[in-house]
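S.K.: Build me a model:
(2 chains)
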Number of protein chains: 2
Amino acid sequence: MASDRIYGEIPGYPPGSTFKNRDELAGSGVHRPNQAGICGGKDGAESIVVSGGYVDDEDYGTEVVYTGQGGNDPATKRQIADQQLTRGNLGLARSQIDGNPVRVVRGAGGDPKYSPKFGLRYDGLFRVVDHWRDTGKDGFQIWRYRLVTLDNADPPPVVPGAAGEPAARTEATIQRLVRSTAVANRVKRLHGYQCQACGIQLATPAGPYAEAAHIRALGKPHNGPDVASNVLCLCPNDHLLFDTGAIYVDADGAVRQSGTAAELGELRLVAGHLVDWAQLAYHREHHKP
Amino acid sequence: MASDRIYGEIPGYPPGSTFKNRDELAGSGVHRPNQAGICGGKDGAESIVVSGGYVDDEDYGTEVVYTGQGGNDPATKRQIADQQLTRGNLGLARSQIDGNPVRVVRGAGGDPKYSPKFGLRYDGLFRVVDHWRDTGKDGFQIWRYRLVTLDNADPPPVVPGAAGEPAARTEATIQRLVRSTAVANRVKRLHGYQCQACGIQLATPAGPYAEAAHIRALGKPHNGPDVASNVLCLCPNDHLLFDTGAIYVDADGAVRQSGTAAELGELRLVAGHLVDWAQLAYHREHHKP
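M.R.: Presented below is the predicted three-dimensional model:
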């Protein structure tokens, strides 16, 4: 399934696009299942529908507190059993730790303040910022997710020629974000989420976790390219140490500590992920004190 | 010096405040030194003046690429020696890894597009997002910093009663940010930047690094308090594991792995930092799968 997922916007369907019913929505590709509220699995979730199907949902417009799937009676919309961190529920947790955007569709039946009167409406990309277990209003265990609109996302780095332009949401920003997470996800998968510096693989209930560290930073003035060869798969600790120049990769491939030059090990390499040694030299030149 | 630093805005001097000269500026407390461009030391930097004193400065309005101090001839403004990562230069790097805001003052003499025609103007809080070593236009080693305005900061979590309000910059937002980093900094200092879960202390060229992890998250719906007893000092890896519920602190004070319940060690405690055990119970209840 991993390769079938489409994160980000679907061409031809900008935010505000409306759909008569779930069939028309499914046909557009914006949210593919005909019934399920979450389009996702253990590799991640790409879209959700918020339509008042769960009593514990909360809608604040730019933020949504969303209930996971399962354990509810579609007829009464009440919870009748505990939810598990599996399938779509696991997918939303995975999208949180991968930083993948989730398409949010609102349907009639949701909070009247933010929902369409009829049919369904695509409301843009959100990111999952939190997930947790709770006891729902009906007394059963539910999984909950806080999603925040990407309209408030950090502006992208200033690019040459664009200095001083306002950091408004643009198609280009969203496309850049999605392209960037696609590169990051590919590198992390190739390494099995194992840190290239220390070898640790952090295990979380949502699956293994690692970070994609740009060797030469994006944006002015470094202008590093957003390609796999300019990315390392690192654990958060080594990401911090690498970015601050506390560790670096030497010309012989050794990971060394700045100051002492002590060798901490070899940079781990895997087939399919070519690392650009010129960018590692740039990092040494600019970040090693 | 650490206890003397004032991060954030100075009461009575909102962004846009103007000053006739450096003496008037120093008297206000917005930027205390009479000559130096950076007010800071190894514990952090609180303010800078951007006034065209260094040939390598770049001003993009909402972003500034700032040159560290030292090695230049005030008469010609040219670099005549290498800069070191010490004093104010170290302070700006430290403010980056601590997440402390920096007051930015622009003076006549800076880029005419963004600078006042006469005197000096306080232009608000920026955060340091990057620092690196470079060879300046005059051929000497300089330290460079990228600062980005906090006007584009992530909006704070939605608070009860404020649902749906726009996430515009407000005094309250800034005050909350500064109060929050003050709590975080205090906890990290008490622990000597040592992780309470695994004991590691990450050493960087800007000094030791740790993160302040809220046990019960701030904002809706958790509404955890932003106080030291609701904060743990963790390394980035354990912060991620804690937030995803991969590890938790049990009622007996043991740090355990979710799923296996294997004990990873005791939660490290120090005098002066009381941890709220009720919040640890809340974390177990809501984040352990």
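
S.K.: can you map out the strands along the stretch 1-150 of chain A?
M.R.: A:18-19, A:38-41, A:44-50, A:58-59, A:63-67, A:102-107, A:120-135, A:141-149 (DSSP state E, counting those that start in this stretch).

S.K.: how about low-confidence regions in the stretch 1-150 of chain A?
M.R.: For the stretch 1-150 of chain A, applying pLDDT under 70 flags the ranges A:1-3.

S.K.: Give me every residue in it lying close to chain B.
M.R.: With C-beta under 8 Å from any C-beta of the partner chain as the criterion, the stretch 1-150 of chain A meets chain B at residues A:58, A:60-63, A:65, A:85, A:93, A:97, A:113, A:130, A:132-134, A:144, A:146. (Each C-beta comes from the backbone N, C-alpha and C, glycine too.)

S.K.: Just the buried ones from the residues you listed?
M.R.: Buried subset of those (neighbour count, 16 or more other C-beta atoms under 10 Å in any protein chain shown): A:58, A:60, A:62-63, A:65, A:85, A:93, A:97, A:130, A:132-134, A:144, A:146.

S.K.: Tell me the residue of chain A that sits nearest chain B?
M.R.: Closest contact between chain A and chain B, by C-beta to the nearest C-beta, is at residue A:236 (3.5 Å).

S.K.: What count of nearby residues applies to that residue?
M.R.: Using other C-beta atoms under 10 Å in any protein chain shown, residue A:236 has 22 other residues around it.

S.K.: With residue A:264 instead?
M.R.: For residue A:264, the neighbour count with other C-beta under 10 Å is 15.

S.K.: how would you label it: helix, strand or coil?
M.R.: strand (DSSP: H, G, I helix; E, B strand; the rest coil).

S.K.: re the thing from before, let me have the strands of the stretch 1-150 of chain A in a markdown table, extended by distance to residue B:71.
M.R.: Formatted as a markdown table, these follow (distance: least, C-beta to C-beta, whole Å):
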| stretch | distance to residue B:71 |
| --- | --- |
| strand A:18-19 | 61 |
| strand A:38-41 | 54 |
| strand A:44-50 | 49 |
| strand A:58-59 | 56 |
| strand A:63-67 | 48 |
| strand A:102-107 | 49 |
| strand A:120-135 | 43 |
| strand A:141-149 | 44 |
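
S.K.: hey, which of the ones you listed is tucked in deepest?
M.R.: strand A:44-50 (a mean of 27; mean count of other C-beta atoms under 10 Å in any protein chain shown).

S.K.: which residues touch the residue nearest to residue A:205 when sequence neighbours are not counted?
M.R.: Excluding its sequence neighbours, the residue lying closest to residue A:205 (C-beta to C-beta, 6 or more residues apart in numbering or on different chains) is residue B:289, at 4.4 Å. Residues near residue B:289 by C-beta atoms under 8 Å, 6 or more residues apart in numbering or on different chains: A:85, A:133, A:205, B:245, B:258-259.

S.K.: picking that back up, ok, so of the residues of the stretch 1-150 of chain A next to chain B, who is nearest residue B:181?
M.R.: residue A:130 (20.4 Å; C-beta to C-beta).

S.K.: quick revisit: show me which pair in the contacts of residue B:289 is furthest apart.
M.R.: A:133 and B:259 (14.0 Å).

S.K.: can you give me the helices for the stretch 51-200 of chain A?
M.R.: Using DSSP state H, counting those that start in this stretch, the helices of the stretch 51-200 of chain A run over A:87-98, A:171-190.

S.K.: The last one versus strand A:44-50: what angle between them?
M.R.: The one in question is helix A:171-190. Helix A:171-190 and strand A:44-50 are oriented at 130 degrees to each other (axes from the mean of the first three to the mean of the last three C-alpha atoms, to 10 degrees).

S.K.: Check whether the helix or strand that helix A:171-190 is followed by comes near chain B.
M.R.: Next in sequence after helix A:171-190, counting helices and strands by DSSP states H and E, comes strand A:202-204. Yes - between strand A:202-204 and chain B, judged by C-beta under 8 Å from any C-beta, the touching residues are A:202-204.

S.K.: Counting by contacts, list what strand A:202-204 packs against.
M.R.: Under the contact definition 3 or more C-beta pairs under 8 Å, 6 or more residues apart in numbering or on different chains; DSSP states H and E, strand A:202-204 sits against strand A:207-209, helix B:236-243.

S.K.: For those, give me JSON lines that also has distance to residue A:47 and mean pLDDT.
M.R.: Compiled in JSON lines, those are given as follows (distance: least, C-beta to C-beta, whole Å; pLDDT from 0 to 100):
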{"stretch": "strand A:207-209", "distance to residue A:47": "19", "mean pLDDT": "95"}
{"stretch": "helix B:236-243", "distance to residue A:47": "24", "mean pLDDT": "96"}
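
S.K.: Could you check these and tell me which one is nearest residue A:38?
M.R.: Using C-beta to C-beta, the helices and strands packed on strand A:202-204 put strand A:207-209 closest to residue A:38, at 16.1 Å.

S.K.: Run through who's touching the closest one.
M.R.: Strand A:207-209 has contacts (C-beta under 8 Å, 6+ apart) with A:42, A:90, A:94, A:97, A:192-193, A:201-203, B:240, B:244.

S.K.: which of those residues are buried?
M.R.: Going by neighbour count (16+ other C-beta under 10 Å), the contacts of strand A:207-209 have A:42, A:90, A:94, A:97, A:193, A:202-203, B:240, B:244 buried.

S.K.: and the two most separated of these?
M.R.: Based on C-beta to C-beta, the longest span within these runs between A:42 and B:240 and measures 18.6 Å.

S.K.: before we move on, the earlier item: deepest of the helices and strands packed on strand A:202-204, which one?
M.R.: For the helices and strands packed on strand A:202-204, the largest average neighbour count (mean count of other C-beta under 10 Å) is found in helix B:236-243, namely a mean of 24.

S.K.: how far off helix A:236-243 does that one point, in degrees?
M.R.: On the basis of the same axes, to 10 degrees, helix B:236-243 is oriented at 140 degrees to helix A:236-243.

S.K.: so what does helix B:236-243 touch, helix or strand wise?
M.R.: Using 3+ C-beta pairs under 8 Å, 6+ apart, helix B:236-243 is in contact with strand A:202-204, helix A:236-243, strand B:211-214, strand B:247-249, helix B:277-287.

S.K.: Residue A:247 and residue A:260 touch, don't they?
M.R.: No - between residue A:247 and residue A:260 there is no contact under C-beta atoms under 8 Å: 10.7 Å.
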